[in-house]
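Enquirer: below are the sequence and a predicted model for it; my questions follow.
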Amino acid sequence: MVFRHPPSRFGINSLSVKLSLLISAICLIAGIFAAGLMLQSQEKQLVFEEHENLKFANDAITLQLKRFLSHKESLAIEANKVVYNELFINKSLSIDEIPPLVSSQSDGPIRSISEDGVSGAFIPHQISSPYTEQLLQQTQLLWQFIAPSLIHEFLNFYVVNQDNFIRVSPHDLVNSIDSNHEFTKESSYILTQPENNPDRLAVWSKTYFDDVWQQQVVSLTVPIYLNDAFWGLTGVQLSLNTLLEQLLIEDQKKQLVVFDNQGHLLFHPKLHEKYVQSMGRAGKGVYTQNFLNSSLQQIVSKVISTQRNSLADSFQQEGLEYIININKIPKLNWYVGVYEERSRVHTALMDLKIKFFGLFVLYAIFVTLLLHQALYQLVLRRIHALVYAVTSFGRGRLDTEFPSESKDEIGVLNASFKDMSVEISKLINGLNQRINEKEVAEKAANRLSKAVAFSGTGVVLTDNSFNIEYVNPKMLEMTGFSESHFIDESLLSIVASEMSVIVKDISTDLHSRNYWRGDTLIAAKDKKPTWVSLSVSPIRDSVGTITSYVASAQDISFIKESQRKMEHLAYFDTLTGLANRTFFRMQLRKSMALAKRGHFAFALFYFDLDEFKRINDTLGHDSGDQLLIEVANRLKKRLRIEDTIARLGGDEFAVLLSGIEEQAHATDVANTIQKTINEPIKLGNNEVIISASIGITMAPHDSLKEDLLLKHADLAMYEAKAKGRNTFHFYSQELNAAANERLFLESELRLAMKKRQFSVHYQAQVDSRSNDIIGYEALIRWEHPTEGYISPFKFIPVAEATGIIVELGAWVLQQACKFAVRLEQQERASTVSVNLSARQFKDANLVFMLKDIIKKTGVNTKNLHLELTESMLMGHVEAAITQLHELKALGVSISIDDFGTGYSSLSYLKRFPVDVLKIDRSFIMDIPDDDNDAEITAAIIAMAQKLNLDVVAEGVETVEQIEFLQKNNCFIVQGYYYSKPIPEQELSQLFKRLG
């Protein structure tokens with residue numbers, strides 16, 4: 001490289017002289033400055049070491065106090081657990097062990113001192129409940145065991161509850177406390193309550209003057225929760241002197257100052273205890289600003305206002321400088337300061353300053369002379385070449401060559417500048433590349449911004465504090481609000497008020513996990529809130545720090561509406577809009593769960609509509625549906641919103657009545673339901689009146705099992721139907737026994753059919769004029785192998801309900817026909833009457849079955865009478881008349897049994913092809929004593945004769961009844977007067993007796 005002005009080879013030019021002198025001056029100044037820095041560093045080191053020593057001493061005594069506090073807190077918590085377990089969990093204390101109370105109350109508050117003097121109790125009112133008395137006695141016994149050990153650790157130990165009850169040991173407080181004193185208004189009690197202590201921790205109070213102990217004390221209280229509700233607390237007291245005794249300093253040169261976060265001075269070497277006690281008795285405290293000098297007070301104010309845990313500082317006092325180290329005791333909100341005089345540090349520093357100053361002056365002179373000799377030869381010429389190259393490079397000639405490298409400092413400097421030129425070239429090229437990349441990124445960001453703006457999803461951007469900075473047009477469209485409504489508002493403000501219950505959960509998740517996702521409602525202007533799927537995610541920078549949040553809201557209103565409709569279809573009846581069986585069972589299980597926890601009772605109503613099938617059959621299913629809808633609407637209007645009304649199927653309804661504890665209340669509701677249903681209902685051009693048979697069971701009284709409750713309600717409903725319909729019946733154990741008996745009979749009936757346990761007895765029908773037997777009634781009997789004789793009144797209804805009556809009735813018909821054939825063979829031909837049940841009469845195969853029996857047995861049909869009741873014929877009159885004519889075509893006779901107890905419609909009676917009327921025994925049994933029965937019987941006989949019907953009187957047992965019937969021209973009688981129902985083999989004796 002050729003230089004335009006190469007440096008001179010010989011002599012010292014003006015630049016070298018100036019540079020040498022400048023470097024010399026710089027070296028001298030640098031030496032002095034370095035000496036000053038070293039002295040300053042040494043001074044800082046000495047001060048730091050002194051502060052560290054002071055901090056070590058302070059840490060030692062505060063650690064000792066913290067351990068002491070933790071130990072006392074552990075004891076208080078363990079004592080609290082013992083009290084809770086013994087009073088509410090174990091309940092192992094025996095009241096019989098408690099010595100008699102020594103009470104000082106009259107009509108005022110109770111002041112009770114235990115006989116052993118261990119503890120005392122105070123209640124601001126007379127004992128008014130067994131609970132208060134039991135609490136008084138149980139805590140006395142508990143304190144007898146635990147208080148002696150605790151008062152060695154504390155000034156006292158006590159328990160206070162929300163009723164202002166206190167048990168304390170020692171008992172000094174009991175006699176000294178004012179009658180109107182309220183412990184629940186003391187600051188220590190208030191600070192322990194849930195609103196001030198949600199984490200249920202032990203709470204230390206501030207220092208205060210105790211009137212009983214006549215000294216400064218600190219309280220430690222621990223809450224007691226019963227069934228997750230605040231019940232009260234246990235507490236202890238420690239004296240201030242006991243706490244200060246833990247702060248021991250062995251070095252007498254170090255002094256101690258203690259104050260709290262309210263500025264109360266608790267300890268100072270010049271603060272006399274008697275002065276503190278006198279101020280406490282006067283209700284006043286000793287404040288730091290009234291006792292400490294201004295310099296120390298500034299440090300105290302600084303550490304209190306900043307709430308720092310530790311502080312090292314210095315202050316002036318009486319012309320001397322002190323250093324101080326302050327540590328915070330968090331449990332008590334105390335600050336402990338240790339300070340000492342700083343004079344020893346200054347003496348050492350002055351000696352060091354003198355030595356360091358002389359040493360660095362000599363060093364600076366030596367370095368200056370050495371540099372002056374070598375500077376030109378080693379530095380200046382080569383620096384000129386480097387300056388020229390740098391100047392050329394700086395003018396834009398990036399290909400400029402730099403001086404050659406060498407191993408000395410100038411050579412390294414040349415190499416560094418050369419490397420720097422290479423790096424600068426690369427940097428310029430990199431900057432050009434980044435400019436191009438930035439342009440590409442800006443285009444991509446612009447596309448992304450447009451994508452967000454035109455997105456079909458609502459988008460909200462916030463800062464890292466969840467304050468909204470941007471909302472896209474879709475969000476404005478979904479809500480109807482303007483952009484200004486959202487900007488600078490909290491992100492959670494978009495959630496609709498209807499979802500306020502989950503706002504706190506969303507906030508908790510966002511602050512703990514920085515993320516939330518779920519379905520919610522967002523507020524909208526002038527329209528209903530919109531269902532959205534909301535997702536909130538953080539946006540992080542390159543180092544992972546959250547800079548903002550993005551929330552996306554996808555409209556899911558259609559999905560929610562579809563879900564609602566599906567749930568309605570799944571849980572509600574499509575015809576009436578009432579709950580269906582599935583929803584009803586769910587609500588029943590919820591009610592059962594509440595009842596099991598106690599303090600909850602409910603009633604279960606189970607009912608159906610009487611004669612609903614008849615309305616369906618006569619007016620059509622559309623009218624039946626209209627009837628069900630009207631009944632459902634009436635029930636919804638008359639019952640409460642909280643009650644569950646369900647249609648279980650067909651005309652079956654169920655109602656869950658919450659909060660019903662007494663049968664009287666359930667009775668009122670049942671009467672209301674019946675009155676509501678009984679009102680006329682217009683079905684097209686027809687007006688109908690219906691009724692309901694209601695079964696009622698009470699929970700938890702009747703059962704706490706779901707299936708049993710339903711069974712009980714069903715049994716009660718059928719009992720209501722058996723009582724004549726249009727009524728209600730409560731479940732009882734007797735119904736359960738009847739159901740079990742019914743189940744037993746149903747099972748045994750089927751077995752009895754197989755094992756032929758049945759027999760037929762015959763009761764004679766006698767002509768009272770000649771005592772001739774003119775006929776028999778065939779009556780079934782059941783002799784069970786283990787239960788013995790079972791009455792037909794028990795098993796016939798079961799057989800009727802289960803359908804077994806059809807098979808059983810066919811067997812009786814067959815046996816009766818065979819009996820009639822045998823009588824004819826014995827030349828004692830008589831009629832044999834057989835009862836047909838309603839199930840048999842409605843059986844489509846009745847005529848064919850009867851025809852087959854007649855054919856197989858060969859019975860003379862003139863001797864076979866079929867007996868039917870009036871109620872069997874009145875359900876479907878035309879069908880009944882057709883069926884009767886088909887039976888008459890076989891040659892058999894038809895009798896109306898139990899006449900007078902049913903419909904007794906003369907208009908229908910004359911249309912029925914009937915041969916015989918049988919007067920029911922209920923009219924005969926009270927003749928001749930009951931004139932009404934006599935008149936009715938006489939009227940029936942006269943009517944039958946007018947209709948050319950034969951008459952048979954049932955239940956005849958006395959001569960007077962025979963005479964009355966003969967007088968009214970009724971001569972065929974049946975009853976115990978002549979014979980009870982007997983088996984066929986005993987008829988010979990009856991023949992002999994009647995002659």
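Expert: Now that the structure is in, tell me what you want to look at. Residues are numbered from 1 along each chain as shown.

Enquirer: element containing the residue nearest to the spatial centre of the chain, please.
Expert: Taking C-alpha atoms, centre = their mean, the centroid of the chain lies closest to Leu594, which sits 10.5 Å from it. In this structure, Leu594 sits in helix 581-596 according to DSSP states H and E.

Enquirer: that helix: which residues count as buried?
Expert: Going by neighbour count (16 or more other C-beta atoms under 10 Å), the buried part of helix 581-596 is Phe583, Phe584, Arg585, Gln587, Leu588, Ser591, Met592, Leu594, Ala595. Where C-beta positions appear, they are placed from N, C-alpha and C, glycine not excepted.

Enquirer: just the mean pLDDT for the helix or strand following it, thanks.
Expert: Using DSSP H and E, the next helix or strand after helix 581-596 towards the C-terminus is strand 602-609. The pLDDT scores in strand 602-609 average 88.

Enquirer: pull strand 602-609 out as PDB, backbone CA atoms only.
Expert: This file holds the C-alpha atoms of strand 602-609, laid out as PDB (Å, rounded to 0.1, in the frame of the first residue of the first chain):
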ATOM      1  CA  PHE A 602     -91.300 -34.700  49.400                       C
ATOM      2  CA  ALA A 603     -94.500 -36.400  48.300                       C
ATOM      3  CA  LEU A 604     -94.900 -38.700  45.300                       C
ATOM      4  CA  PHE A 605     -98.300 -38.700  43.600                       C
ATOM      5  CA  TYR A 606     -99.100 -41.400  41.100                       C
ATOM      6  CA  PHE A 607    -102.500 -41.400  39.300                       C
ATOM      7  CA  ASP A 608    -104.400 -42.200  36.100                       C
ATOM      8  CA  LEU A 609    -107.700 -41.000  34.700                       C
END
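
Enquirer: so what does it touch, helix or strand wise?
Expert: Judged by 3 or more C-beta pairs under 8 Å, 6 or more residues apart in numbering; DSSP states H and E, strand 602-609 is in contact with helix 581-596, strand 652-658, helix 663-678, strand 692-699, helix 706-722.

Enquirer: cutoff 10 Å now
Expert: Counting contacts by 3 or more C-beta pairs under 10 Å, 6 or more residues apart in numbering; DSSP states H and E, strand 602-609 is packed against helix 581-596, helix 621-638, strand 644-649, strand 652-658, helix 663-678, strand 692-699, helix 706-722, strand 728-730.

Enquirer: ok, it: who's next to it in the sheet?
Expert: Strand 602-609 has the following sheet partners, assigned by DSSP bridges: strand 652-658 (antiparallel), strand 692-699 (antiparallel).

Enquirer: got JSON lines for the ones you listed, with mean pLDDT too?
Expert: Formatted as JSON lines, those follow (pLDDT from 0 to 100):
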{"stretch": "strand 652-658", "mean pLDDT": "88"}
{"stretch": "strand 692-699", "mean pLDDT": "87"}
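
Enquirer: any idea which of those strands is most buried?
Expert: Highest mean neighbour count of those: strand 692-699, a mean of 26 (counted as mean count of other C-beta atoms under 10 Å).

Enquirer: lowest-confidence helix or strand of the chain?
Expert: The helix or strand of the chain with the poorest confidence is strand 102-103; it has a mean of 42 (mean pLDDT, DSSP states H and E).

Enquirer: after it, next one along is what?
Expert: As assigned by DSSP H and E, the chain's next helix or strand after strand 102-103 is strand 110-113.

Enquirer: tell me how far the helix or strand where Gln563 lies lies from the chain's centre.
Expert: If you go by DSSP H and E, Gln563 is part of helix 557-571. Its chain's C-alpha centre and that of helix 557-571 lie 24 Å apart, by C-alpha atoms, centre = their mean, to the nearest Å.

Enquirer: could you check the angle strand 644-649 makes with it?
Expert: Helix 557-571 and strand 644-649 meet at an angle of 70 degrees, taking axes from the mean of the first three to the mean of the last three C-alpha atoms, to 10 degrees as the criterion.

Enquirer: what does helix 557-571 rub up against?
Expert: Helix 557-571 has contacts (C-beta atoms under 10 Å, 6 or more residues apart in numbering) with 478, 519, 521, 528-533, 556, 574, 577, 579-584, 586-587, 646.

Enquirer: which among these end up buried?
Expert: In these, burial by neighbour count holds for 478, 521, 529-533, 556, 579-580, 583-584, 587, 646, counting by 16+ other C-beta under 10 Å.

Enquirer: same list, those, but as CSV with pLDDT please.
Expert: Formatted as CSV, those follow (pLDDT from 0 to 100):
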residue, pLDDT
Met478, 81
Leu521, 84
Pro529, 86
Thr530, 82
Trp531, 85
Val532, 85
Ser533, 84
Ile556, 76
Ala579, 85
Asn580, 86
Phe583, 87
Phe584, 88
Gln587, 86
Ala646, 89
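
Enquirer: ok, these vs Pro198, which is closest?
Expert: Each of the buried ones among the contacts of helix 557-571 was checked against Pro198 using C-beta to C-beta; the closest is Leu521, at 28.9 Å.

Enquirer: what is the three-state secondary structure of the closest one?
Expert: Look at Leu521: counting by DSSP: H, G, I helix; E, B strand; the rest coil, its state is strand.

Enquirer: thank you, goodbye.
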